[in-house]
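> Sequence first, predicted model second:
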Amino acid sequence: MSLWGRRPRVGRESSERPGRVPLGRPGRVPLGRPGRVPLGRPGRVPLGRPGRVPGTRARGPVPERPRHVRQIGAVLGVLGLLAAVAAAPHASDFTRRRAREAPFLLEHVSARGLSRVPVEEIAAALGVERDTPLIDLDVAAVEARLAAHPWVAEASAARVPPSSLRVSVRERVPLAVTEAGHPARLHAVDETGTAFAPASSEDVSRLLAVILPAPAAVGAPDPNLLEALRLAAALRERGLEVPRELRLGVAGRAESAELRLRGFAPAIWLELGQGEAQLDRLATLLSASLATTAHAAVVDLRFEGRAVLRSTP
């Protein structure tokens with residue numbers, strides 16, 4: 001209900017006690033007993049805007065609203081305009097034209113979740129330009145272009161009226177390195193067993209190196225790489241360090257794997273898929289620090305219940 005623009009009306013004369021200021025609309029003489037004191041606190045200022053006489057139109061300056069109220073109003077106005085444009089073709093031409101003018105043009109892009117990926121690469125992958133109308137941004141296309149970056153596992157984007165775009169990414173975490181691609185070169189491997197991007201020198205020096213019978217495909221999960229990561233995780237659960245090298249397909253058997261541990265000279269042969277018993281034997285062997293293993297070239301754990309020391313591979 002509007003409080004502005006209403007003309008005062010005069011009603012019937014009061015029949016109440018004289019001297020009373022009766023309740024009612026401003027400027028109207030309502031019914032009541034003459035002389036009756038009006039309800040309310042003595043000297044109370046009537047409700048309304050400061051400086052306004054009840055029953056009259058406002059003539060003086062209107063007090064300025066608080067800043068947070070103005071900001072909320074501006075945001076609601078922007079959202080209402082964007083919603084109106086989204087309702088096209090029912091939106092008017094004026095509304096659609098207004099949504100493609102300042103201040104609704106793209107001026108700022110923020111990104112969250114970046115660690116390894118340079119900001120410049122993310123900015124190039126967005127595929128959007130400054131001063132693009134915010135309503136014309138294809139958020140799904142932006143997310144698809146971000147997800148195509150080798151180091152990005154997941155990406156999301158959202159418009160932030162009136163002139164911003166916010167993107168969030170989850171980067172891949174390298175857990176190992178392996179040769180992949182044609183020509184083959186060392187690539188980082190993530191938790192899904194996917195060789196996704198060329199490995200840095202730091203990754204090569206600190207991560208598990210997985211050697212496959214043939215180079216892996218880039219950008220696709222490899223079951224052999226995934227099995228190697230599971231084996232490395234099982235070793236960590238037993239308090240052992242991550243191997244520096246894991247070779248799949250040794251001794252003429254595709255199911256056999258060879259481990260090279262840091263600070264332990266002999267190679268360790270395991271049979272993939274034999275369960276956790278052989279890893280328990282390996283943990284026991286390493287904790288015992290047997291002097292005989294120092295002269296062995298291979299510690300073969302593929303035989304149930306025992307470890308075979310070989311002088312030659």
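Arrived safely.
> Within the sheet, what are the partner strands of the helix or strand hosting residue 167, with directions?
Taking DSSP states H and E as the criterion, residue 167 maps to strand 164-171. Strand pairing for strand 164-171, using DSSP bridges, gives strand 108-112 (parallel), strand 152-160 (antiparallel).
> Need the winner for burial among those.
For these, ranked by mean neighbour count under the definition mean count of other CB atoms under 10 Å, the leader is strand 152-160 at a mean of 17. For the C-beta atoms, the positions are set from N, CA and C on the backbone; glycine is no exception.
> List the buried residues of stretch 221-230.
For stretch 221-230, the buried set under the neighbour-count rule, 16 or more other CB atoms under 10 Å, comprises 222, 224-225, 227-229.
> nearest to residue 265, of these?
Proximity of these to residue 265 (CB to CB) peaks at residue 228, which lies at 21.4 Å.
> Quickly list what the nearest residue to that closest one once chain neighbours are set aside is bridged to.
Once flanking residues are discounted, residue 228 sits nearest to residue 210: 4.5 Å by CB to CB, 6 or more residues apart in numbering. Assessed by DSSP bridges, residue 210 has beta-bridge partners residue 178, residue 246.
> any idea how far residue 210 lies from residue 272?
Distance, residue 210 to residue 272, using CB to CB, to the nearest Å: 13 Å.
> pLDDT below threshold where in this structure?
1-65, 67-96, 99, 251, 275, 289-294, 313 (pLDDT under 70).
> ok so, going back, I'd like the strands paired with strand 164-171 laid out as CSV, including distance to residue 247.
CSV is the format used below for these (distance: least, CB to CB, whole Å):
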stretch, distance to residue 247
strand 108-112, 39
strand 152-160, 28
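> so how far is residue 98 from the residue nearest to residue 228?
Residue 210 is 58 Å from residue 98, by CB to CB.
> Tell me which of those two has more neighbours.
residue 210 (28 against 14; other CB atoms under 10 Å).
> pretty sure the more buried one contacts residue 244?
No. Contact criterion CB atoms under 8 Å: residue 210 and residue 244 do not qualify, at 10.9 Å.
> Where do the helices of the stretch 201-313 of the chain begin and end?
Secondary structure of the stretch 201-313 of the chain (DSSP state H, counting those that start in this stretch): helices at 201-206, 223-237, 277-288.
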